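Student: Model the following, please.
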Amino acid sequence: MPQTPDTISTLRDVLTRCRTLAVVGLSPQWHRPSYFAAKYMQAHGYRIVPVNPLVAREGGSILGERAYATLHEADAAVRAEGGRIDMVDCFRKSEDIPPLADEAVAIAARCLWLQLGVFNDAAAERAEADGLQVIQNRCVKIEHARLFGGLGWAGVNTRVISAKRPTVLPY
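Tutor: Presented below is the predicted three-dimensional model:
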């Protein structure tokens, strides 16, 4: 059974090395967790490559980036620009992971990241056997915030609630 890396150094290493993220299942709706996580990562210097067949069919984009129907299409476009997809971040159901893991191996990604609540040990074992780092049941946004200073003492650093009087009123 593959082991989800729980060490801070492993997670930090993955988030430092993997700078181009193909986000499978990225929603164009701002209130969805996939959009929120991708926007956060994009704001922190990561390149986001949306993989959403419905948006791609209409020729649309998400977060200012063209959407692709498959990982193979996304990989071809990124490679044409001289880059590579480092991480495949999956916002899909656990049973949808095996073909995505195979595609991640085929495009030579470095990491297969399965979001909170997503597990597929068989797909993870195959991906690890082919050299991918596999992380299951973790949120890339939460881990980045935890390891790179995005969380404050109370858990979040939004400055929405504060004991200090604001210098400029919000209204």
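Student: use CA for all of it now, contacts and neighbours both
Tutor: Fine.
Student: in this structure, which spans are helices?
Tutor: Counting by DSSP state H, the chain has helices at residues 8-17, 33-43, 53-57, 71-80, 97-106, 121-129, 140-147.
Student: Columns mean pLDDT on top of those helices, output as TSV?
Tutor: Shown next, in TSV, are these (pLDDT from 0 to 100):
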stretch	mean pLDDT
helix 8-17	93
helix 33-43	95
helix 53-57	96
helix 71-80	98
helix 97-106	97
helix 121-129	96
helix 140-147	92
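Student: Just put those helices in CSV and tack on distance to Val24 and mean neighbour count.
Tutor: Below are those laid out as CSV (distance: least, C-alpha to C-alpha, whole Å; neighbours: other C-alpha atoms under 10 Å):
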stretch, distance to Val24, mean neighbour count
helix 8-17, 17, 14
helix 33-43, 9, 18
helix 53-57, 9, 16
helix 71-80, 8, 17
helix 97-106, 9, 19
helix 121-129, 16, 19
helix 140-147, 13, 18
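Student: Any idea which of those gets closest to Gly25?
Tutor: Nearest to Gly25, of all those, is helix 33-43, at 7.2 Å by C-alpha to C-alpha.
Student: which residue is nearest the middle of this protein?
Tutor: Nearest to the geometric centre of the chain sits Asp89, at 3.8 Å (C-alpha atoms, centre = their mean).
Student: For the helices of the chain, give me CSV that also has distance to Leu112.
Tutor: Listed next are the helices of the chain as CSV, based on distance: least, C-alpha to C-alpha, whole Å:
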stretch, distance to Leu112
helix 8-17, 10
helix 33-43, 15
helix 53-57, 19
helix 71-80, 12
helix 97-106, 7
helix 121-129, 8
helix 140-147, 11
